[in-house]
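Colleague: below are the sequence and a predicted model for it; my questions follow.
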Amino acid sequence: MPGARDFGRSCALMVDMRPMLATPADPDRGLPKDGARWAYEVKWDGWRVLTEIHDGAVRLWSRSEREITPAFPELESLASVHPDVLLDGEIVILADGVPNFTALADRIHLTDRRRASALAAKAPATLIAFDVLRMSGVDLTGRPWRERRAALEELPVQASPIYEDVDVLLAATQEQGLEGVVAKRRSSVYRPGARSSDWRKLAHRRVQSVVIGGWRPEVNDRNQIGALLIGVWSSPDPDHPGSRQLRFAGRMGSGLAAAGPQADLRRLLTPLKLDASPFDDAVPRLDSKGATWVEPRIVVDVRHLGRTENGRLRQPVFRGIRADLEPEDVRYE
DNA sequence: TTCCGACAGTGGGGTCGCAAT
DNA sequence: ATTGCGACCCCACTATCGGAA
């Protein structure tokens, strides 16, 4: 272990500060079912952060190696955890016991200490630690996960709980509205900056049928569909189910690049062209820029991570055209 | 030979700051 | 004063390339 005897400030340079990343699991095959070789934990919906605690000071680093310490003054109390330790973990803001990702958005550009403290008082952030990369000047990244996990459990920090039954954890996280599950091979070393198959993630995604109300071309190729403008019918008046309005639910571009959907969507949407937006609520100009409006007749399936407070779908991904559904059938849930 | 990992470029929701309008 | 744009955070998907298996 070269340099392990050096307990000075230069210890920080011994460890690559980029976090190890998980590979997305194939949704059809799921995660490996082997609690003896794999450990399972909750996939926390927050910001990935490396936390360096050294000589009574705390410093936080984002995934892109940007220092974000000033945005989280409430985490300064971690300074007393250990004289020298580098933790990997997730910063979350809990609302009703569940991480609220959008609550973190306020902190993103934060450099002003007083504003940060005000936000911390209103909605404090929590560090959930799940790995130890350095302790007392010793680089632990070459040690197996189980050894690093044992070191983590010696520390007075909130550690992400470990489970042995993946099916139980998948069911529990789904039921509690948590984002998903991460599986980690117990024998695996920590590879900074690498997207390794020793860590695998599976997010609970919902499938929702939506109606196409318009589309926008790709930025560098006007002949390709870059994004669909999607909507869902809602009934403003429950007493008159016949009265319905098409609510804008955001843009969707991921998953459209394949040739099949491109050709099919073009063929279906071309004869439906409209001069004005078919949505009953106002589509923000940022979204409608360059849009071609169409009659809301075509239904597609979207995989997503839930709805935002604005009624838009989070991380929407195109799944396929639903020729079997009428647009009138499209409702939330 | 095939397959995997790394990379870059497309698309998404959201917030903020700055420069052009 | 308003608007557009890029930089950040979190992503999925596609295409490409080079090296490992």
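Modeller: Cool, the structure landed.
Colleague: residue boundaries of the strands in the stretch 51-200 of chain A?
Modeller: Per DSSP state E, counting those that start in this stretch, the stretch 51-200 of chain A carries strands over the ranges A:57-61, A:84-95, A:98-99, A:125-135, A:138-139, A:180-185, A:195-203.
Colleague: with mean pLDDT, mean neighbour count and distance to A:Y40 added, can I get these in JSON lines?
Modeller: Every residue, glycine included, has its C-beta placed from N, CA and C. Formatted as JSON lines, these follow (pLDDT from 0 to 100; neighbours: other C-beta atoms under 10 Å; distance: least, C-beta to C-beta, whole Å):
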{"stretch": "strand A:57-61", "mean pLDDT": "94", "mean neighbour count": "17", "distance to A:Y40": "26"}
{"stretch": "strand A:84-95", "mean pLDDT": "94", "mean neighbour count": "21", "distance to A:Y40": "15"}
{"stretch": "strand A:98-99", "mean pLDDT": "90", "mean neighbour count": "18", "distance to A:Y40": "17"}
{"stretch": "strand A:125-135", "mean pLDDT": "95", "mean neighbour count": "22", "distance to A:Y40": "12"}
{"stretch": "strand A:138-139", "mean pLDDT": "94", "mean neighbour count": "18", "distance to A:Y40": "26"}
{"stretch": "strand A:180-185", "mean pLDDT": "94", "mean neighbour count": "23", "distance to A:Y40": "5"}
{"stretch": "strand A:195-203", "mean pLDDT": "92", "mean neighbour count": "18", "distance to A:Y40": "10"}
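Colleague: out of those, which is closest to DNA strand B?
Modeller: Proximity to DNA strand B, assessed across the strands of the stretch 51-200 of chain A by C-beta to the nearest atom of the strand, is greatest for strand A:195-203 (3.8 Å).
Colleague: contact partners of the closest one?
Modeller: A:20-25, A:27, A:30-32, A:43, A:145, A:170, A:179-185, A:188-189, A:191, A:305 (C-beta atoms under 8 Å, 6 or more residues apart in numbering).
Colleague: filtering the residues you listed by proximity to DNA strand B, which remain?
Modeller: A:T23, A:R191 (C-beta under 7 Å from any atom of the strand).
Colleague: chain A against DNA strand B: which residues are in contact?
Modeller: A:23, A:102, A:105-106, A:108-109, A:191, A:193-197, A:216, A:218-220, A:226-227, A:250-254, A:257, A:287, A:308-310, A:312-316.
Colleague: which PyMOL command selects the buried ones in those?
Modeller: The following PyMOL line selects those of these that are buried, judged by 16 or more other C-beta atoms under 10 Å:
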select buried, chain A and resi 191+196+216+226+227+250+251+252+253+287+312+313+316
